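Colleague: I'd like to go over a predicted model; first the sequence, then the structure.
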Amino acid sequence: MALLESEQMEVGTPMIPFRLKEAHGGDYDSAELESKLALIAFTCNHCPYAKASWPVLIELSKKYAGDGLTVIAINPNNNPDYPEDRFEAMRPYAEQHGIRFPYLFDADQSVAKAYGAVCTPDPFLFADGELFYHGRLNDNWQNPAAVKEPSMELFIEAALGRRTAPEKSFPSMGCSIKWVR
């Protein structure tokens, strides 16, 4: 497991459009995204950092659904060396873990490359179609009870106009995306 930190996309960058296969069937087109607030997280099934992020993503999707937040997970790990991340494993994983938001498969890894995603998880928060925050979900991926700064939630609150954004942001960190050569 190679630990990487996310590379920073510039705040204000427009959301990069995509159309990807959804784990529960059909395709998901980002053009259909009507939400003014979207959290796009590159993640997967096997990485311990990604596994720890799923409950956070699920909780954020529930807590802020009424405020118009749409959470979208994208699995870029289409690598034969990681069979637990293959497309066929995504639907059972989503059902087992109660993932009710779109879980998409980036089969050719082009979307992850376009976003500059490098690790799982690598979350991007967009407000009104522009990047508002790119960084960690919180300050303690191993122990949810010990989280002192719920970074993503603070930025969601700021995007909703309920607080000022934290002055400092920190990159996400996790396993490297398993690029196909």
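Modeller: On my side now, so go ahead.
Colleague: C-alpha from now on. contacts and neighbour counts both.
Modeller: Noted.
Colleague: so what pLDDT did residue 34 get?
Modeller: You'll see residue 34 listed with a pLDDT of 72.
Colleague: ignore the last one, residue 5
Modeller: In this model, residue 5 is scored at 65, pLDDT.
Colleague: could you dump stretch 68-86 to PDB, C-alpha only?
Modeller: Extracted in PDB, the C-alpha atoms of stretch 68-86 (Å, rounded to 0.1, in the frame of the first residue of the first chain):
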ATOM      1  CA  GLY A  68     -29.000  19.900  -1.800                       C
ATOM      2  CA  LEU A  69     -25.600  18.000  -1.500                       C
ATOM      3  CA  THR A  70     -25.100  15.300  -4.000                       C
ATOM      4  CA  VAL A  71     -22.400  12.700  -3.200                       C
ATOM      5  CA  ILE A  72     -20.900  10.800  -6.100                       C
ATOM      6  CA  ALA A  73     -18.200   8.100  -5.600                       C
ATOM      7  CA  ILE A  74     -16.000   7.100  -8.500                       C
ATOM      8  CA  ASN A  75     -13.900   4.000  -8.500                       C
ATOM      9  CA  PRO A  76     -10.800   4.500 -10.800                       C
ATOM     10  CA  ASN A  77      -9.100   1.200  -9.900                       C
ATOM     11  CA  ASN A  78      -9.700  -0.900 -13.100                       C
ATOM     12  CA  ASN A  79      -6.600  -2.900 -12.600                       C
ATOM     13  CA  PRO A  80      -6.500  -6.700 -12.900                       C
ATOM     14  CA  ASP A  81      -4.200  -7.000  -9.800                       C
ATOM     15  CA  TYR A  82      -7.000  -5.600  -7.600                       C
ATOM     16  CA  PRO A  83     -10.100  -7.900  -8.300                       C
ATOM     17  CA  GLU A  84     -12.000  -6.600  -5.300                       C
ATOM     18  CA  ASP A  85     -12.300  -3.200  -7.100                       C
ATOM     19  CA  ARG A  86     -13.600  -4.600 -10.400                       C
END
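Colleague: how about it: buried residues?
Modeller: 69-79, 84-86 (16 or more other Cα atoms under 10 Å).
Colleague: what's the lowest-pLDDT member of the residues you listed?
Modeller: Least confident of those in the model: residue 79, at 87.
Colleague: returning to what we had before: greatest separation within the buried residues of stretch 68-86: which pair is it?
Modeller: Using Cα to Cα, the two most remote members of the buried residues of stretch 68-86 are 69 and 79, lying 30.4 Å apart.
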